[in-house]
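1. What would the 3D arrangement of this be:
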Amino acid sequence: MRIITFIIFGLFSFNGIYGENVCYKDKCHVSSTRYLLYDVNPPEGFNLRRDVYMRIAILAHQLQKSTRLGLNSIKVVLPPWSHLIHWSYSEIPEYVPWSTFFDLHSLQLFAPVIEMHDFFSILQQNKYTKAIIDNVYILQHFDDMFETGKFVDKLEIQKCQNPPKVRYFYYNNMTSTNVKCLSFHGPASQLIQLLQNTSSKTILVDHAEVMLHDRFGDKTYWMARRSMRFNKELRKIALKFRENYLNSTDRGDNTFLEADWRNDKPKRDATGGPYIGVHLRRRDFARSRPEEVPSIENVADQISALLQKLQLEKVFIATDATKLEYDGLRSKLEQKYEVYRYEPTDVIKEKFNEGGVAIIDQIICSYSRYFLGTKDSTFSYRIQEEREILGFPTDRTFNVLCKNMHECSEPSVWKIVY
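-> The predicted structure is shown next:
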């Protein structure tokens, strides 16, 4: 086993995380810290990855309460945002840390999480090092469950259904010589069976999206969700846009949040800014769900009718529609109403890239008087969750664009729990 030694500020030395001897001057002790890494199937988008994070974070939150030292000392290493298929990586960094999008301190108030670059710093500060993960488990579905339709919670080391990777997170210096495929069905807490039966310091769970939620929709779920506060600068950018164009302020909209999410109180009296927020998912949805996705003309009719009903004059639109589609929608609405869309400056695009711009869109939609989303879109789900946290009435949050004015299915309503 290779031992890597380095010095921090000339006082502390670590013998790597494989053995974890922590020394101060002439005295040493053994650190019990262990590291749980995870990754997600590359095609999965930004907002689904946020949901997978919650499954892992809730597991880590539970482990902190364990009486077993080997479990309550586990830290989760956050996978950098990299190579997402919905993003263009021609002009942005390859590895984007979580703090670019989220308030890391807020996340840590719920679960023991660290950034990947902190993990590498623990290995060897400010120097190139090769990270050899002790154990890698590639999650996969049980084939026989899909054949029989009988789904039971279990996990079992089985033959790999696909060739396993040899490098992880697109890093050239992260690998493992101990890789197993783990057929898995059930909640994330089943991982405890693996974690408590090994003394390995580093464990990577690949394809973590296979795991299900342990606590979907309950108090713990919403604690995890409330801890996912966005990066403060992104929130300031969204607030400035609301103030400048939408006559929307936290004081006027009754949308103040406590500085610490743990101090939030239940409420249903948020009014929101005097505008409608719309999330219009087009591109892949328009191709794969033509029987559900309304035409641009139909969307314009629905927005116009809603603005008239609510006696509002402004609409903010977050969309992945082409420029031609958006311009067509705007031209139909601008005859009577004010239409807004967030257009980032080059500085903001360079600093926060497409993920940050999408978050700004979500924030602005979250503070609207009334929200109209896209059915089954995780982007819309995340906005609905934000509005639950802000304290909006449910009838102004859980609404979706219809195929036409007469055929509209109601979305699922997941109310916040304290």
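2. Contacts made by the helix ranked longest in the chain with the rest, please.
-> Assignment by DSSP state H gives helix 346-366 as the longest helix of the chain. For helix 346-366, contacts defined as C-beta atoms under 8 Å, 6 or more residues apart in numbering pick out 46, 81, 84, 86-88, 91-93, 96, 100-101, 230-231, 234-235, 237-238, 241-242, 246, 277-279, 316, 318, 342, 344, 371, 379, 382-383, 386-387, 390. Every residue, glycine included, has its C-beta placed from N, CA and C.
3. next SSE after it?
-> Using DSSP states H and E, the helix or strand that follows helix 346-366 towards the C-terminus is strand 368-372.
4. Please name every helix or strand in contact with that following strand.
-> Strand 368-372 sits against strand 273-280, helix 296-310, helix 378-390, with contacts defined as 3 or more C-beta pairs under 8 Å, 6 or more residues apart in numbering; DSSP states H and E.
5. one more time with 6 Å
-> Of the remaining helices and strands, those touching strand 368-372 by 3 or more C-beta pairs under 6 Å, 6 or more residues apart in numbering; DSSP states H and E are strand 273-280.
6. Can you list the strands that the strand it packs on pairs with?
-> In the sheet, strand 273-280 lines up against strand 314-319 (parallel), strand 368-372 (parallel) (DSSP bridges).
7. Reformat these as CSV; add mean pLDDT and distance to Val52.
-> Putting those into CSV (pLDDT from 0 to 100; distance: least, C-beta to C-beta, whole Å) gives the following:
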stretch, mean pLDDT, distance to Val52
strand 314-319, 98, 22
strand 368-372, 98, 24
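8. Kindly reformat those strands as JSON lines containing mean neighbour count.
-> Output for the strands paired with strand 273-280, formatted as JSON lines (neighbours: other C-beta atoms under 10 Å):
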{"stretch": "strand 314-319", "mean neighbour count": "23"}
{"stretch": "strand 368-372", "mean neighbour count": "24"}
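9. which stretch among those strands comes nearest Lys267?
-> Closest to Lys267 of the strands paired with strand 273-280 is strand 368-372 (C-beta to C-beta; 16.1 Å).
10. so who does Leu372 touch?
-> The contact partners of Leu372, by C-beta atoms under 6 Å, 6 or more residues apart in numbering, come to Val278, Asn399, Leu401.
11. so how far is Ile85 from the closest residue to Asn404 other than its chain neighbours?
-> Spatially, and ignoring its direct neighbours in sequence, Asn404 is nearest to Asn298 (5.7 Å; C-beta to C-beta, 6 or more residues apart in numbering). Computed as C-beta to C-beta, to the nearest Å, the Asn298 to Ile85 distance reads 28 Å.
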